[in-house]
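A.B. asks: got a structure for you, letters missing:
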């Protein structure tokens, strides 16, 4: 409970700081809110719904739901001069969530097709996220010394943590039982509490 509740608290903090405008701070709050909501779903769904015993193999798909929001945050942070096509992304995100809901309720060949489309869309978002990161790191003169003192260190760290967690939890969800579904949530504290510590240290999320 501590991890998602802190994440939701932090997301409200960032929403307030952003003035509800589409700034990097707003997208960071949105990223944390979705990440925490996914965690709540993964923790509580198997506790109160016996159907979870039948669909536990789909739990790793939850991890991919963060992909569009990670891409939006990266875009807002790295490409600040490029306007975000919010309506286009909102439509795609709606389709992604609809596909996820359908994959846990529908069986048969149609379900397999929807899973493939779901994974493809989110994989493309992940690929886009890391393309932005690699372009940032590849900029001329962007060395380790500059990176440590840069505001971009936060976004690179967040991306690396989420990438590791997605791969780790995807593997764990395939081999563990529903009764142990809470265990893979523990690494997510790295992302939430890292940002929490940044706030306590007086990090200025002014954007």
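C.D. replies: Thanks, I have it. None of these values were measured; they are calculated from a predicted model. Numbers count the residues shown, from 1 in each chain.
A.B. asks: flag the shaky bits of the chain, pLDDT-wise.
C.D. replies: Where the chain drops to pLDDT under 70, the residues are 45-59, 139-151, 169-170, 172-185, 198-207.
A.B. asks: which residues does the residue nearest to the spatial centre of it contact?
C.D. replies: The residue lying closest to the centre of the chain (CA atoms, centre = their mean) is residue 66, at 3.0 Å. Going by CB atoms under 8 Å, 6 or more residues apart in numbering, residue 66 touches 31, 34-35, 38, 162, 166. Backbone N, C-alpha and C define where each C-beta goes, glycine included.
A.B. asks: give the closest residue to residue 14 in space, chain neighbours not counted.
C.D. replies: Spatially, and ignoring its direct neighbours in sequence, residue 14 is nearest to residue 29 (3.0 Å; CB to CB, 6 or more residues apart in numbering).
A.B. asks: which stretches of the protein form helices?
C.D. replies: Here the chain has its helices, by DSSP state H, at 2-18, 24-48, 52-55, 59-64, 67-78, 86-103, 109-137, 144-148, 152-175, 189-200.
A.B. asks: distance of the nearest residue to residue 106 once chain neighbours are set aside from residue 17?
C.D. replies: Among residues not flanking residue 106 along the chain, residue 114 sits closest, at 7.2 Å (CB to CB, 6+ apart). To residue 17, residue 114 is 37 Å away according to CB to CB, to the nearest Å.
A.B. asks: equivalent analysis for residue 153, please.
C.D. replies: Residue 153 sits 19 Å away from residue 17, going by CB to CB.
A.B. asks: with neighbour numbers in mind, choose between these two.
C.D. replies: Comparing residue 153 with residue 17 by other CB atoms under 10 Å, the one with more neighbours is residue 17, at 17 against 13.
A.B. asks: so that one is in contact with residue 11, correct?
C.D. replies: No - using CB atoms under 8 Å as the test, residue 17 is too far from residue 11 to be in contact (10.7 Å).
A.B. asks: now for the two: what residues contact both?
C.D. replies: Residues touching both residue 17 and residue 11 (CB under 8 Å, 6+ apart): residue 29.
A.B. asks: ok, now how distant is the residue nearest to residue 14 from residue 121?
C.D. replies: In terms of CB to CB, residue 29 sits 23 Å off from residue 121.
A.B. asks: out of those two, which sits in the more crowded spot?
C.D. replies: Ranked by neighbour count (other CB under 10 Å), residue 29 and residue 121 place residue 29 first, with 25 against 18.
A.B. asks: ok, the more buried one - contacts?
C.D. replies: For residue 29, the contacting residues are 10-15, 17-18, by CB under 8 Å, 6+ apart.
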